[in-house]
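Undergrad: Below is the sequence, then the predicted model.
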Amino acid sequence: MESSPPPWRDRAERKTGAIMRSKKEYVLDRRLKSALKAHGDALMLFDAMLCDEELRELQDYANTVSIRRLGFNDHGPVHMREVALNAVRMLELLREAGVRTSLETDEAGDFEDSVCAVLCAAFMHDIGMTVGRQDHERVSCILAAPVIDRLLAGIESVHRRIIIKATALEGILGHMATRRVHSVEAGIILVADGCDMERGRARIPMSINKTPQAGDIHKYSANSILRVEIVKGEKKPIKIDVEMESEVGFFQIEEVLLSKVDSSTVKPYVEIYAGVNGTRREYL
């Protein structure tokens, strides 16, 4: 009996309409499932996301436009999964430290609702790149709204659907640090997005684009980042520890990550360290 093809089979072989995943996506999905195992509704939402063909195509095409047309780094399925993992990890660290989410503080929802909102925001924050870079966060909201409605249709409570959708859209709209965000959930998306800067994210555009062009500093700085860890902090609930192989990586820290942390509602709960060749800088 012929065995089933692996879930990361090449996309060129996708003939039946089934949603195939790359090996990297498959690994990240397993990690996300593990991170969400204690959150039943969020886990069901995540499974629904993986089965949603429109969402997958939006993520795929966002990456095509970002890398091939515009020469930027990864803004597709892998990036959005990395942001989701980062965000869920930070939510758990804040909860462990006794920091409540905004939905909890407002007495509008519970922690489970916050996890669902963060998942939606992480998985859809860059789908506006299907149209272009400028104002892509606004376009992402327009494209995401009906997808979120469809994914949340199984939740009976209209109230829960509204608060999850609204909080997710704030996270999407605010992820570029161009406008003020007010919820802890949206602030987490800002930082989670900024933390996806390891060298793998720049691998494809580095191999495709050989001639110098605008935005290259982002690719070269990201390519020098060896490791980003989000762990329990020594002074604050969240510690972001970055290891790089050359000083060009400090551009990614100082111009990208710090700008997002400075605009985030979770800044008071974050400490950041970065180092190269055994020397370390403490930023927060």
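TA: All right, it came through fine.
Undergrad: just the strands in the stretch 51-200 of the chain please.
TA: Counting by DSSP state E, counting those that start in this stretch, one finds no strands in the stretch 51-200 of the chain.
Undergrad: Helices along that one, start to end?
TA: 53-64, 77-96, 102-105, 111-124, 136-151, 158-173, 184-194 (DSSP state H, counting those that start in this stretch).
Undergrad: Between the ones you listed, which one is closest to residue 46.
TA: helix 111-124 (6.1 Å; C-beta to C-beta). The way it works is simple: take the backbone N, C-alpha and C, and place the C-beta from them, glycine included.
Undergrad: for that closest one, packing partners?
TA: In terms of contacts (3 or more C-beta pairs under 8 Å, 6 or more residues apart in numbering; DSSP states H and E), helix 111-124 is packed against helix 40-51, helix 53-64, helix 77-96, helix 102-105, helix 136-151, helix 158-173, helix 184-194.
Undergrad: Which positions within the fifth one qualify as buried?
TA: If you call a residue buried by 16 or more other C-beta atoms under 10 Å, then helix 136-151 has these buried ones: 136, 137, 138, 139, 140, 141, 143, 144, 147, 148, 151.
Undergrad: Can you tell me what sits against that helix?
TA: Defining contact as C-beta atoms under 8 Å, 6 or more residues apart in numbering, one finds that helix 136-151 is touched by 45, 48-49, 52, 54-55, 58, 120, 124-132, 161, 164-165, 168-169, 172-176, 178.
Undergrad: how about the CA coordinates for that helix, as CSV?
TA: Below are the C-alpha coordinates for helix 136-151, written out as CSV (Å, rounded to 0.1, in the frame of the first residue of the first chain):
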residue,chain,number,x,y,z
HIS,A,136,-0.4,47.4,4.3
GLU,A,137,-1.5,47.2,7.9
ARG,A,138,-4.8,48.9,6.9
VAL,A,139,-5.2,46.7,3.9
SER,A,140,-4.6,43.7,6.2
CYS,A,141,-7.5,44.8,8.4
ILE,A,142,-9.8,45.0,5.4
LEU,A,143,-8.8,41.6,4.2
ALA,A,144,-8.8,40.0,7.6
ALA,A,145,-12.2,41.1,8.8
PRO,A,146,-14.3,38.6,6.8
VAL,A,147,-11.8,35.8,7.4
ILE,A,148,-12.0,36.4,11.2
ASP,A,149,-15.8,36.4,11.0
ARG,A,150,-15.7,33.0,9.2
LEU,A,151,-13.2,31.5,11.6
